[in-house]
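>>> Here is a sequence with its predicted model. Questions after.
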Amino acid sequence: MSDRKNGGPTRVIDCQKVTRTYSEGPEKLTIFSDISLQVEPGETLAIVGSSGAGKTTLLNLLGGLDRPSSGSIRICDQDIHRLSEAGRARFRNRHLGFVYQFHHLLPEFSGLENVMLPCVLGGLSPRQASRKAEALLKRVGLGERLAHKPGELSGGERQRVAIARALVNEPDCVLMDEPTGNLDENTGEGIRALIEDLRDNFGTAFIMVTHDMGMARSLGRVLRLEQGRLVQEA
């Protein structure tokens with residue numbers, strides 16, 4: 001259980017003046033500069049913007065999968081980039097969950113086994129992990145599909161497994177990159193309702209990158225990444 005649930009940090013993410021640049025030969029490409037962002041527990045936030053604006057790059061920085069060129073990123077009061085690579089991996093497993101447009105489930109594992117994996121990596125026994133995973137899959141409406149492998153599930157069911165996997169360690173924040181991009185409208189609406197239910201019941205913050213403005217506005221706060229800046233969407 002995260003420190004936040006035991007009276008720990010009140011701010012899940014605190015970014016200050018974050019800049020990310022890449023070198024292309026002699027040229028330096030600035031993806032974004034001087035971005036500051038604060039996310040509170042239980043907050044739902046959407047980040048929108050045109051293709052190539054840097055939304056996924058920002059999400060990777062927030063998740064500790066990439067390093068900023070300058071600035072600081074604190075997650076639950078920890079500067080994640082001051083940790084070793086192994087330390088960052090442990091920290092992510094405990095405090096963060098990830099959901100992608102393409103679910104990245106392990107095809108040879110059942111839905112239950114896919115959701116168990118973060119728990120096992122976090123040190124739980126297989127029996128403990130199985131109990132947690134089964135309870136969460138039932139909560140997301142997949143109690144009858146525990147033994148099915150990803151290839152035997154619909155697109156919406158696979159995303160529900162991915163969301164359960166992201167939540168199974170009770171993270172402080174779940175980062176979502178176009179999680180409904182390959183789903184039909186009704187299934188996407190079901191995922192949105194599920195996010196709201198899980199936010200309200202777990203107190204987890206959700207940050208979603210999306211092109212779907214309807215989905216974005218339904219989440220609450222909407223920020224647009226454009227010309228290297230993060231601005232409040234009207």
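Perfect, I can see it now.

>>> on contacts alone, who are the packing partners of the biggest helix by length in the chain?
The helix that spans the most residues within the chain, counting by DSSP state H, is helix 185-202. Applying 3 or more Cβ pairs under 8 Å, 6 or more residues apart in numbering; DSSP states H and E, we find helix 185-202 packed against strand 44-48, helix 155-167, strand 205-209, helix 213-219. Where C-beta positions appear, they are placed from N, C-alpha and C, glycine not excepted.

>>> Name the residue most distant from the centre of the chain?
Each residue of the chain has a distance to the centre, and by Cα atoms, centre = their mean the biggest one is for Pro26: 34.2 Å.

>>> For Arg192, give me the pLDDT.
Here, the pLDDT recorded for Arg192 equals 76.

>>> Would you agree it is in contact with Ser218?
Yes. Applying Cβ atoms under 8 Å, one finds Arg192 in contact with Ser218, separated by 5.7 Å.

>>> Compare these two (neighbour count), which wins?
Taking other Cβ atoms under 10 Å, Arg192 and Ser218 do not tie; Arg192 has more neighbours (19 against 16).

>>> measure that one to Arg199 for me?
Distance, Arg192 to Arg199, using Cβ to Cβ, to the nearest Å: 11 Å.

>>> Kindly report the same for Glu144.
In this structure, Glu144 and Arg199 are 25 Å apart, going by Cβ to Cβ.

>>> Looking at those two, which has the bigger crowd around it?
Arg199 (19 against 9).

>>> how near is the more buried one to Arg92?
As judged by Cβ to Cβ, Arg199 and Arg92 stand 20 Å apart.

>>> re the thing from before, contacts for the longest helix of the chain?
Applying Cβ atoms under 8 Å, 6 or more residues apart in numbering, the external contacts of helix 185-202 come out as 42, 44, 139-140, 154-156, 159-160, 163, 167, 170, 179-180, 183, 204-206, 208, 212, 215, 218-219.

>>> tilt between it and strand 44-48?
140 degrees (axes from the mean of the first three to the mean of the last three Cα atoms, to 10 degrees).

>>> Only alpha carbons, please: show helix 185-202 as PDB.
The C-alpha trace of helix 185-202 is given here as PDB (Å, rounded to 0.1, in the frame of the first residue of the first chain):
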ATOM      1  CA  GLU A 185     -17.500   4.400 -28.900                       C
ATOM      2  CA  ASN A 186     -19.600   2.200 -26.500                       C
ATOM      3  CA  THR A 187     -16.600   0.300 -25.300                       C
ATOM      4  CA  GLY A 188     -14.600   3.500 -24.800                       C
ATOM      5  CA  GLU A 189     -17.500   4.900 -22.800                       C
ATOM      6  CA  GLY A 190     -17.400   1.800 -20.600                       C
ATOM      7  CA  ILE A 191     -13.700   2.400 -20.000                       C
ATOM      8  CA  ARG A 192     -14.300   6.000 -19.000                       C
ATOM      9  CA  ALA A 193     -17.000   5.000 -16.500                       C
ATOM     10  CA  LEU A 194     -14.600   2.300 -15.100                       C
ATOM     11  CA  ILE A 195     -11.900   5.000 -14.600                       C
ATOM     12  CA  GLU A 196     -14.300   7.100 -12.700                       C
ATOM     13  CA  ASP A 197     -15.400   4.200 -10.500                       C
ATOM     14  CA  LEU A 198     -11.900   3.200  -9.800                       C
ATOM     15  CA  ARG A 199     -10.800   6.700  -9.100                       C
ATOM     16  CA  ASP A 200     -13.700   7.200  -6.600                       C
ATOM     17  CA  ASN A 201     -13.000   3.900  -4.900                       C
ATOM     18  CA  PHE A 202      -9.200   3.700  -4.900                       C
END
